[in-house]
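**Q** need coordinates for the following:
(one chain, ligands or ions: 1)
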Amino acid sequence: MKSILADNIVAISTPPGKGAIGIVRLSGPHAIRIAGFLLGGGAGKPLDARATHTLQRAQLAHDGVYLDDALVAVMKSPRSYTGEDMVEFHCHGNPLVLAGVVGACLKEGARGALPGEFTRRAFLNGKIDLSQAEAVAGIIEASSGRALELSMRQAGGELSRRVARLMAGLLDIRAEIEARLEFPEEEIEDDSGEGHSFALLRAAVECRALITAQTEGMRIRDGVRVAIIGKPNAGKSSIFNRLLRAERAIVTPEKGTTRDSIEETVMLDGMAVTLVDTAGICRDHGDEAGKAGVARSMAAVDLADFLLFIADASVPWSGEDHEITARSKGKRGLLVLNKADLPRRMELEDRPGELSAWKALWVSAMRGDGIEDIKKYIIGYNNTLYGESAEESAIVCSAQQSDALHRCDDGIQSALELSKQGGQEELVSMELKKALDALEAITGENADEELLDRIFSRFCIGK
Ligand code: GDP
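**A** Residues are numbered from 1 along each chain as shown. Just a heads-up that it's a prediction; the model follows:
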């Protein structure tokens, strides 16, 4: 079967639409020869005679049709992004111009690149491992400064290094066990098993640290979810709008009109915060649409990292307030006593027990009083979550990688359990093998085509 690396691939690598420049990328064993067909005469040295990593201005043409006045960059294998010979055409940023250049390359034998194929080649040619490839996707997708920082660090190989260290530790333990099984008569140091159980404990701690780091990473990448809850008419939508500074949710004076959970993401202090405005969580939800809304609200509470409980301070606490707060047990949050512009009929001391540990703020969504304090509190909460050290050790993972870390943890925990019981070395070794196999899925050793397809199909074409 012909290797896909034998093909020459071409794609527009800049975003769709018009711009000052647009870049067409070409990669493969014959990339330089194919590009040569577009350069015609008068371009100076032929491309293949040029030094790598040089830029040349050229009039591009093909089949007698003028294409563009462009800059042509040549990067020779192995010193290129993909590890193959690569040519980049820096053209005028008009989609028609770029399509013309791509079309000419196709006629000369290149084929259109699949999504993420340039990065996939970088992986197949050993330029980066899978976790670095994931980080490249993260750099492109990052929607906040912190998420970007995180992905950039990881593109440098941070996760790979930590996984490699864990793997090395596990391999050592396995080697020791296997040696003992194979040569039982030999005097291998520490045959009480104490030695490897200590190493095993260390591996267990490191694996758990990786899992914590990836949870932090996920929060940084996806941001914090804040659910705005409270009974109908308390002012949830008004506060949601104030926090967004836009009239996104529909504010109505009637009870229970915000049927659906609406969510929007805002940037607070470089961190993405997703605000979820829930439907009124109440007992008399009536019709089917209302019930569906309540179900969604409950899901929003469960998924949220942080809750904003909105109470209408112009009426006394009610059973509904108690019912809703019962569902927020164990979560962290802020109690917002809204409508502070109206005469107060709510006493803080009477608040539901679940809210007693939360800070309370008097706010008027109508006037805008206290809204900045809510923002500050959410930022403060973020910062306690992401202390500097947590942020430094955080890693981003795909769902598969996170799953692999958990499988590794399962293997290590079983191995620990078995080795405590003693005398089951073979089984310990098998569990360690499971843990090691799981880690291989993170760096991409022995990754199968299907897995690679899944990963790289998320990328855009031209990356
Ligand atoms: P939700 O059902 O909890 O989403 O509540 P809404 O945001 O739709 O607000 C319900 C009603 O309370 C609307 O008529 C708002 O104008 C009013 N309201 C919201 N916040 C305040 C406030 O701070 N002061 C006063 N006086 N009215 C408010």
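**Q** near the ligand, which residues of the stretch 51-200 of the chain?
**A** Applying the criterion Cβ under 6 Å from any ligand atom, no portion of the stretch 51-200 of the chain neighbours the ligand. Where C-beta positions appear, they are placed from N, C-alpha and C, glycine not excepted.
**Q** which stretches of the stretch 51-200 of the chain form helices?
**A** Along the stretch 51-200 of the chain, counting by DSSP state H, counting those that start in this stretch, helices occupy 95-107, 117-124, 130-141, 145-155, 158-182, 194-222.
**Q** okay if I get those helices as a markdown table plus mean neighbour count and mean pLDDT?
**A** Formatted as a markdown table, these follow (neighbours: other Cβ atoms under 10 Å; pLDDT from 0 to 100):
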| stretch | mean neighbour count | mean pLDDT |
| --- | --- | --- |
| helix 95-107 | 18 | 96 |
| helix 117-124 | 23 | 93 |
| helix 130-141 | 21 | 84 |
| helix 145-155 | 19 | 83 |
| helix 158-182 | 17 | 89 |
| helix 194-222 | 18 | 85 |
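**Q** among those helices, which is nearest residue 13?
**A** Proximity to residue 13 (Cβ to Cβ) singles out helix 117-124 among these, at 7.8 Å.
**Q** contacts for the closest one next, please.
**A** Outside helix 117-124, the residues within contact range by Cβ atoms under 8 Å, 6 or more residues apart in numbering are 5, 9, 11, 13, 25, 27, 81-84, 114, 128-130, 133, 136-137, 444, 452, 456, 459, 461-463.
**Q** wouldn't residue 401 be in contact with residue 134 here?
**A** Yes - counting by Cβ atoms under 8 Å, residue 401 does reach residue 134; the two are 6.8 Å apart.
**Q** direction included, what does the longest strand along the chain pair up with?
**A** Longest strand in the chain by number of residues (criterion: DSSP state E): strand 65-75. Strand 65-75 has the following strand partners under DSSP bridges: strand 54-62 (antiparallel), strand 86-93 (antiparallel).
**Q** dump the residue contacts of residue 70.
**A** 57, 58, 59, 60, 89, 90, 91, 92, 101.
**Q** out of these, which end up buried?
**A** For those, a burial check counting by 16 or more other Cβ atoms under 10 Å picks out 58, 60, 89, 90, 91, 101.
**Q** mind listing what the fourth one touches?
**A** Which is residue 90. With Cβ under 8 Å, 6+ apart, residue 90 has these contacts: 21, 22, 23, 70, 71, 72, 73.
**Q** how about 6 Å then?
**A** 21, 23, 70, 71 (Cβ atoms under 6 Å, 6 or more residues apart in numbering).
**Q** ok, the nearest residue to it once chain neighbours are set aside - how many residues close by?
**A** Setting aside the residues directly before and after it, residue 90 is nearest to residue 71 in space (Cβ to Cβ, 6 or more residues apart in numbering), at 4.1 Å. Residue 71 has 15 neighbours, counted by other Cβ atoms under 10 Å.
**Q** beta partners of residue 71?
**A** residue 57, residue 90.
**Q** now do the one 4 residues further on
**A** Taking DSSP bridges, one finds residue 86 as the beta-bridge partners of residue 75.
**Q** got a list of what it touches?
**A** Residue 75 sits in contact with 52, 53, 86, where contact means Cβ under 6 Å, 6+ apart.
**Q** please report how far it lies from residue 27.
**A** Residue 75 is 9 Å from residue 27, where distance means Cβ to Cβ, to the nearest Å.
**Q** can you list residues touching both of these two?
**A** residue 86.
**Q** the helices in the stretch 301-450 of the chain, which residues?
**A** Assigned by DSSP H, counting those that start in this stretch, the helices in the stretch 301-450 of the chain fall at 319-326, 371-385, 388-393, 399-421, 425-443, 449-456.
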